[in-house]
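Visitor: Structure for this input, please:
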Amino acid sequence: MNERMRIVIACDGSEYADNAINDLPRAGLPREAEALIVNVQEKWLVPPAIKEVVQDFAGTSESAGAKTVRAKSEPEIESVEDENLLLNKATEKLTAFFPEWKIETFATHGSPSFQIIRKAREWNAGLIVVGSHGKDKNTIYSLGSVSQKIANEATCSVRVVRGNAWKKGAPTRILIGLDGTRAAQWAVEEVSQRMWMPGSEVRIVTAKDSAQNKQKFDKDAKKTDEWINSFVEKAERTLKSSTLGFSKIIEEGDPKKTIITIADEWGADCIFIGSCDTGNFYENILLGSVATAVVARAHCTVEVVRHKN
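Guide: Numbers count the residues shown, from 1 in each chain. Below you'll find the model as predicted:
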């Protein structure tokens, strides 16, 4: 593919947004890509070009009733300066990690989740990166709630970065939730195509509960097991063609709980899980609920993979 990956990165000046950028060198991303760093102020600021016109009745040297033009207030100026400062800082850090990336910035105001999703769609992004549980004295909104909404409603893939467990230069442990759907296979393909650090490992996890529910009209356990083995083997073939170390687990249990439990026990750095509008009511409910639960409850980074048409 000659088309460069396009990545939108949410930036609010918090340590959690910083962690989202710090995590990117371990995300297997390409050496060449286009990134748009987006800052959204939920506070509705007066645009810099607008001046306030007031009546001067203070008995100054100006005649009574004369109009005085007053510039923007000092707090508003500081907000704009802070915004530029944090965008510049984020750009410098990202450039240090990815010197060949083309990086732009964008600042606006309004609902953070709405604006980030809208901009990603307009910009034709393939991935949104957002920190989770970010809030400090300089920010108006929390990226914790924003990240959940973006992960649920974006039309492209979303990477929700949680915590600061990243280590520079360390290999990555990637867990993929696998359930036999097309979206899960997209997650497998995405992982296999990325450029991971030497020594990185991938583990596919299938919770048999989801498979058995999908085969609810098929009472033959043998056929269910054959179906599970077929999509696990397909994923294994795809992933073994990469340089990643490989392992697999097939377990009884609720996928929402099983994926998170195994990720914790194994020390996963990131969970990849597929989600999409499949056109099938059952698959939509299953994929939506599992992806939402994993994003909300996982203790590590989660990437929700959606197919980019």
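Visitor: Every contact and neighbour count from this point should use C-alpha atoms.
Guide: Noted.
Visitor: buried set for stretch 187-207?
Guide: Neighbour-count burial for stretch 187-207, counted by 16 or more other CA atoms under 10 Å, picks out 187-188, 190-192, 195-197, 200-207.
Visitor: I meant stretch 105-116, not that one.
Guide: Buried-residue list, stretch 105-116, by 16+ other CA under 10 Å: 105, 108, 112-116.
Visitor: Just the ones of those residues in helices?
Guide: 112-116 (DSSP state H).
Visitor: TSV please, covering those and showing distance to Arg173 and pLDDT.
Guide: Formatted as TSV, these follow (distance: CA to CA, whole Å; pLDDT from 0 to 100):
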residue	distance to Arg173	pLDDT
Pro112	30	93
Ser113	29	94
Phe114	32	95
Gln115	32	96
Ile116	28	97
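Visitor: which one of the buried residues of stretch 105-116 sits closest to Gln41?
Guide: Distance to Gln41 across those (CA to CA) is lowest for Thr108, with 6.4 Å.
Visitor: so how far is Gly131 from that closest one?
Guide: To Gly131, Thr108 is 18 Å away according to CA to CA, to the nearest Å.
Visitor: repeat for Val290
Guide: 20 Å.
Visitor: Just want to know which of those two has more residues nearby.
Guide: Between Val290 and Gly131, counting by other CA atoms under 10 Å, Gly131 is the more crowded of the two (29 against 22).
Visitor: Could you chop the chain up by domain?
Guide: Domain assignment for the chain by automatic domain parsing gives 5-44+78-161, 173-305.
Visitor: Now for Val290: which residues touch it?
Guide: 255-256 (CA atoms under 8 Å, 6 or more residues apart in numbering).
Visitor: per-residue pLDDT, it?
Guide: Looking at Val290, its pLDDT reads 88.
Visitor: I figured Ile271 hits Ile262, correct?
Guide: No - Ile271 lies out of contact with Ile262 (CA atoms under 8 Å); the separation is 10.3 Å.
Visitor: Can you show me the helices along the stretch 151-300 of the chain?
Guide: Using DSSP state H, counting those that start in this stretch, the helices of the stretch 151-300 of the chain run over residues 182-193, 208-214, 221-240, 255-266, 281-297.
Visitor: For the third one, name the packing helices and strands.
Guide: Under the contact criterion of 3 or more CA pairs under 8 Å, 6 or more residues apart in numbering; DSSP states H and E, the helices and strands touching helix 221-240 comprise helix 182-193, helix 208-214, strand 245-251.
Visitor: one more time with 10 Å, if that's ok
Guide: Helix 221-240 is packed against helix 182-193, strand 201-207, helix 208-214, strand 245-251, with contacts defined by 3 or more CA pairs under 10 Å, 6 or more residues apart in numbering; DSSP states H and E.
Visitor: Is it possible to get TSV of those that adds mean pLDDT?
Guide: Below are the helices and strands packed on helix 221-240 laid out as TSV (pLDDT from 0 to 100):
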stretch	mean pLDDT
helix 182-193	95
strand 201-207	96
helix 208-214	59
strand 245-251	96
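Visitor: now these in CSV, with distance to Glu233?
Guide: Converted to CSV, the helices and strands packed on helix 221-240 look like this (distance: least, CA to CA, whole Å):
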stretch, distance to Glu233
helix 182-193, 11
strand 201-207, 11
helix 208-214, 15
strand 245-251, 10
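Visitor: right, and these - which one's nearest Lys89?
Guide: That would be helix 182-193 among the helices and strands packed on helix 221-240, by CA to CA, at 29.3 Å.
Visitor: Ile271 reaches Val294, doesn't it?
Guide: Yes - look at Ile271 against Val294 with CA atoms under 10 Å: they come within range, at 8.4 Å.
Visitor: Compare neighbour counts for these two and give me the winner.
Guide: Between Ile271 and Val294, Ile271 has the larger neighbour count (other CA under 10 Å), namely 28 against 25.
Visitor: Show the contacting residues for Glu3.
Guide: 32-33 (CA atoms under 10 Å, 6 or more residues apart in numbering).
Visitor: so how far is Thr181 from it?
Guide: 26 Å.
Visitor: And Glu15, by the same measure?
Guide: In terms of CA to CA, Glu15 sits 36 Å off from Thr181.
Visitor: ok, Glu34 - how many residues close by?
Guide: Neighbours around Glu34, by other CA under 10 Å: 16.
Visitor: would it count as being in a helix?
Guide: No - using DSSP: H, G, I helix; E, B strand; the rest coil, the secondary structure at Glu34 is strand, not a helix.
Visitor: Report the contact partners of it.
Guide: Per CA under 10 Å, 6+ apart, neighbours of Glu34: 4-8, 100-104, 125.
Visitor: Strands of the stretch 1-150 of the chain, residue ranges please.
Guide: Using DSSP state E, counting those that start in this stretch, the strands of the stretch 1-150 of the chain run over residues 5-10, 33-41, 52-55, 67-70, 102-109, 127-131.
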